[in-house]
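Trainee: Structure here, sequence nowhere to be found:
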């Protein structure tokens, strides 16, 4: 019994998906901080559903070699739910701003900041999940073509042979894309990578524009 528990714990701790759990929880925490008028229904419902899916992912991590596709679909569902909720929050933010309901500049600023940060985390997870078939496939000697061209892949001598990007690399990619509204040092190669980077840039631009427009309105 003890050996089985130790084996399960080891499987969970060595799961390539484990680092993403912290990012998912961070995105959920930001979502829970949003005011009720910027969420579709009670925010705890999404948090409870995501928590349940994270637990399922953790419990089944020891079987990832047998059910890697199913677990990947579960990961995509997790990311998709948070991403959809954040897009709805952006839409509600625009709607309330146009109606003049968000009278407080402070509330607008912090709400927009939370949405923007969630956007960065969600798309970092998307990039991490789609690149070369996902985190599990990247740890294998796979011949899959990359979806992103990182600087370390452009020439030898910049990193160890066999280097693969980690979650921090995808967070940085998402952050720079959200701030520059375009690729910086890492280029998208596949159509899905280009679509995701384009959508992130548009959401980020819209969020920043909302805050800027409100600030100009207050100054005048």
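Mentor: Ah, there it is. Predicted, not measured: the structure shown is a model, and the values here were computed from it.

Trainee: Relative to residue 179, how far out is residue 119?
Mentor: Using CB to CB, to the nearest Å, residue 119 is found at 11 Å from residue 179. C-beta here means a position set from N, CA and C on the backbone, and glycine is covered the same way.

Trainee: So which of these two has more stuff around it?
Mentor: residue 119 (26 against 14; other CB atoms under 10 Å).

Trainee: Please name the residues that touch the more buried one.
Mentor: Neighbouring residues of residue 119 by CB atoms under 8 Å, 6 or more residues apart in numbering: 86, 90, 178, 200, 203-204, 207.

Trainee: Whichever of those residues end up buried, select them in PyMOL.
Mentor: Burial among these is assessed by 16 or more other CB atoms under 10 Å; the matching PyMOL selection reads:
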select buried, resi 86+90+178+200+203+204+207
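
Trainee: Could I get the full set of strands for the chain?
Mentor: Here the chain has its strands, by DSSP state E, at 148-149, 187-188.

Trainee: Mean neighbour count added to those, as TSV?
Mentor: Shown next, in TSV, are these (neighbours: other CB atoms under 10 Å):
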stretch	mean neighbour count
strand 148-149	18
strand 187-188	18
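
Trainee: Let me have these in JSON lines, extended by distance to residue 132 and mean pLDDT.
Mentor: Formatted as JSON lines, these follow (distance: least, CB to CB, whole Å; pLDDT from 0 to 100):
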{"stretch": "strand 148-149", "distance to residue 132": "9", "mean pLDDT": "91"}
{"stretch": "strand 187-188", "distance to residue 132": "13", "mean pLDDT": "93"}
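
Trainee: Make JSON lines from these and add distance to residue 48 to it.
Mentor: Shown next, in JSON lines, are the strands of the chain (distance: least, CB to CB, whole Å):
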{"stretch": "strand 148-149", "distance to residue 48": "33"}
{"stretch": "strand 187-188", "distance to residue 48": "34"}
